[in-house]
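In: here is my input; please provide its structure:
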Amino acid sequence: MYGKLFLIFTLLGFFIMSQQVEAAQFEFANVKQTREPINVGTERIVSTQQNAVNLGETKSTLLKDLNVEVASDVYSKKDRHVLYCPKGNYIVVRNRIFLTGPDLDKVSEVKYHLHPSFSNPLAVSRDPTSNFEVWIWSWGGFPIKATITTKSGQVFEKNFDFSFKSKFEEAQEKGIPQSMKCE
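Out: Sure, this is the predicted structure:
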C-alpha cells in the first residue's frame, strides 16, 4: 500500500516539476520572440518581450515612441537627378526611401517591407549618414512598413503610403535633371 502511494506521489511530484520547467521554458521562449511593437489605438506600446530583452536598462531609458518618419523622394542632395525608364504604358522611376526626424541618432537599422511583387521585398539599411536610405525602382504606389531598431534594441514600426507621382512632378517643377536609364 505504502509502495503504491509512494509511486503515486513520486509521479505526481515529477509531473508538477515538469510543468514548472515547461513554464520556465515558455517564458524564456517569449524573450526570444520577435520584438515588434503592439499598436493600441494611436499609442505605440513596446511589447513585454521587448521589455524583457532590455532588462539591463532602466525604465526611464526605454522610449515610448521614436520621433522619426518614413519619407521618399526621386532624388537626393548627393544624387540630384531623376532616373526613369518607360515601360509600355507606364514609367518606372528610381525612388529613395529614407527616415527623417529628430531621433535619427537613436536608430541602428531600418527594414523596409516593400510590396510582395518585388523580387526582394525586404530592403535593409544600417547607414545613418544617408538617413537609412534605400533606392528602389517602382512604377506605382503601395504601403511600406518600416521596422526600425534603436541602438538600445527597441523595435518600432512606422507605416508609409508610398507614391512617387507627386515627387516626380515636384522634381520636374524644380528643374531637377532627368535621365532615361533602362537596364
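In: okay, the longest strand out of those in the chain in PDB with CA atoms only?
Out: When the chain is parsed with DSSP state E, its longest strand is strand 90-100. Taking C-alpha atoms only, strand 90-100 is exported to PDB below (Å, rounded to 0.1, in the frame of the first residue of the first chain):
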ATOM      1  CA  TYR A  90       3.900  53.400 -67.600                       C
ATOM      2  CA  ILE A  91       7.200  54.800 -66.400                       C
ATOM      3  CA  VAL A  92       9.500  53.100 -63.900                       C
ATOM      4  CA  VAL A  93      11.200  55.700 -61.600                       C
ATOM      5  CA  ARG A  94      14.100  55.300 -59.200                       C
ATOM      6  CA  ASN A  95      12.900  56.200 -55.700                       C
ATOM      7  CA  ARG A  96      14.700  57.000 -52.500                       C
ATOM      8  CA  ILE A  97      13.000  55.700 -49.200                       C
ATOM      9  CA  PHE A  98      14.500  57.100 -46.000                       C
ATOM     10  CA  LEU A  99      13.900  58.400 -42.500                       C
ATOM     11  CA  THR A 100      13.500  61.900 -41.200                       C
END
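In: residue 66: neighbour count?
Out: 24 (other C-beta atoms under 10 Å). The C-beta positions use only the backbone N, C-alpha and C, and glycine is treated the same way.
In: if you could redo that for residue 91, that was the one I meant.
Out: Residues near residue 91, counting by other C-beta under 10 Å, number 14.
In: what's the closest non-adjacent residue to it?
Out: Distance criterion C-beta to C-beta, 6 or more residues apart in numbering; nearest residue to residue 91, sequence neighbours excluded, is residue 84 at 5.2 Å.
In: what sits up against the longest strand of the chain?
Out: Applying C-beta atoms under 8 Å, 6 or more residues apart in numbering, the contact partners of strand 90-100 are 68-76, 79, 82-86, 107, 110, 112, 123, 130-140, 144, 146, 148, 160, 162, 164, 167-168, 181.
In: buried ones only from the residues you listed, please, as a ChimeraX command.
Out: To isolate in ChimeraX the members of these that are buried, counting by 16 or more other C-beta atoms under 10 Å, one can use:
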select :68,70,71,72,73,74,75,82,83,84,85,107,110,112,123,131,132,133,134,135,136,137,138,144,146,148,160,162,164,167,168
